[in-house]
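Q: quick one, what's the 3D model for this:
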Amino acid sequence: MSDPGTPVLVVGAGPTGLLLAAELARRDVGCLLIDALDAPRGWDRATVVHERSLQIFEALGIADGFLDAGVRTRASRIFSDGELLGEVDLGLTGSRYGFQLGMSEEVTESLLTEHLVAHGGAVNRSTVLVGLAPGEDGVTATLERDGERRDVVVGWVVGCDWMHSAVREAAGIAFPGADIDARWGVFDATVDGWSDDHDVVFAHLDRPPVILTGQGTAFSAGGDLGEFGTAADPGAAHLIRTLRSPARLARQLGVRLTVAVHGACVGAGIEVPAGAARVTARPGAVSSFNRACRACSLRRRGR
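A: Below you'll find the model as predicted:
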């Protein structure tokens, strides 16, 4: 099945594709916007709207929606190993907006979708670009939705479909570079008891933290005594116990380790918190932990 010609095909309904399609619609340029997803993603990816973007949104008359929804950040502070390396004042950019907006990409996409719809545009979801064939009168794009394919003749194809771009692959455009092996994650969290500035971005160039917690009624290793083995010589047993102590391993992690004690500390569950740099505890677990720490401290001092 073939559709009559459309001036522009935009592939990818992220912020770039949404804004492009909205501006084409505002100028009465025919545009077909498609996206492979059946719905927008509901989690963070990009989390900042920069000053220049705000200036563009102001020119389009949509800046107020972003300013109302975002968190204004005036500076960035960079730390390493707990020490402040420096601070970047975002007001030095020269923009009339002397700040950046902290905002989830899903909110950005929602506002840009409203802008698109206001100008008569729409997103055609669950639609995948599977091929491009250049011709004399334009480009024939093969689209697939729900297992059915159709051809659309367009004058322009714009790829706004992220790093694994179907447009780039179909056009044979190289994407040189190398994968980054380091793992990373993005997540939303509420930090209780935050006492520092709320309009500053904090960057910590530290090694990843380790948070150790447990399950059940007690904080312990939870193993059967038979799993630990036996030693006939008391001296050898003491040496093994010392070298294999979980508290010793906890000490090696240094400031990276936080132990979240949820119940009474038992067995190795006493040693691990005693060797941690930071400990949090639920009500009812504190008294057991305090006794364990005092006993461990006395042993360290040889008493």
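Q: OK, contacts around Ile62?
A: When contacts are counted by Cβ atoms under 8 Å, 6 or more residues apart in numbering, Ile62 is found next to Leu111, His115. Just so you know, the C-beta spots here come from the backbone N, C-alpha and C atoms, and that holds for glycine as well.
Q: just name the shakiest helix or strand of the protein by mean pLDDT.
A: Between all helices and strands in the chain, the lowest mean by mean pLDDT, DSSP states H and E belongs to helix 286-300, at a mean of 52.
Q: how deep is Leu54 tucked in, by neighbour count?
A: Leu54 has 20 neighbours, counted by other Cβ atoms under 10 Å.
Q: okay, it: pLDDT?
A: Listed pLDDT for Leu54 reads 97.
Q: just the element for it, please.
A: Taking DSSP states H and E as the criterion, Leu54 maps to helix 51-60.
Q: tell me the helix or strand right after that helix.
A: Scanning forward in sequence from helix 51-60 by DSSP H and E, the next helix or strand is helix 63-69.
Q: show me how this protein divides into domains.
A: By the record's domain assignment, the chain is partitioned as 2-171, 210-300 (automatic domain parsing).
Q: now do the contacts for the most centrally placed residue in the chain.
A: In the chain, the C-alpha closest to the average C-alpha coordinate belongs to Val186, at a distance of 1.5 Å (Cα atoms, centre = their mean). Listed by Cβ under 8 Å, 6+ apart, the contact set of Val186 reads Trp43, Asp44, Arg45, Thr47.
Q: tell me the two of those that are most distant?
A: Pairwise distances among the contacts of Val186 were taken by Cβ to Cβ; the largest, 10.5 Å, belongs to Trp43 and Thr47.
Q: in the longest strand belonging to the chain, what's buried?
A: Across the chain, the strand with the greatest residue count (assigned by DSSP state E) is strand 148-159. Within strand 148-159, the residues that qualify as buried are Val152, Val153, Val154, Val157, Val158, Gly159, counting by 16 or more other Cβ atoms under 10 Å.
Q: I'd like the residues you listed as a markdown table, with distance to Asp206 and pLDDT appended.
A: Putting the buried residues of strand 148-159 into a markdown table (distance: Cβ to Cβ, whole Å; pLDDT from 0 to 100) gives the following:
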| residue | distance to Asp206 | pLDDT |
| --- | --- | --- |
| Val152 | 50 | 94 |
| Val153 | 54 | 94 |
| Val154 | 49 | 95 |
| Val157 | 44 | 97 |
| Val158 | 41 | 97 |
| Gly159 | 37 | 97 |
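Q: starting at the chain centroid, how far to stretch 84-101?
A: When C-alpha coordinates are averaged (Cα atoms, centre = their mean, to the nearest Å), stretch 84-101 and its chain have centres 22 Å apart.
Q: now the helices for this structure?
A: Counting by DSSP state H, the chain has helices at residues 15-26, 51-60, 63-69, 105-118, 166-171, 234-243, 246-253, 268-274, 286-300.
Q: quick one: pLDDT of the closest residue to Asp161 other than its chain neighbours?
A: For Asp161, ignoring the flanking residues on the chain, the nearest one in space by Cβ to Cβ, 6 or more residues apart in numbering is Gly12 at 3.4 Å. With respect to pLDDT, Gly12 has a value of 97.
Q: Gly12 is in contact with Gly159, isn't it?
A: Yes: A contact is recorded between Gly12 and Gly159 when judged using Cβ atoms under 8 Å, the distance being 6.8 Å.
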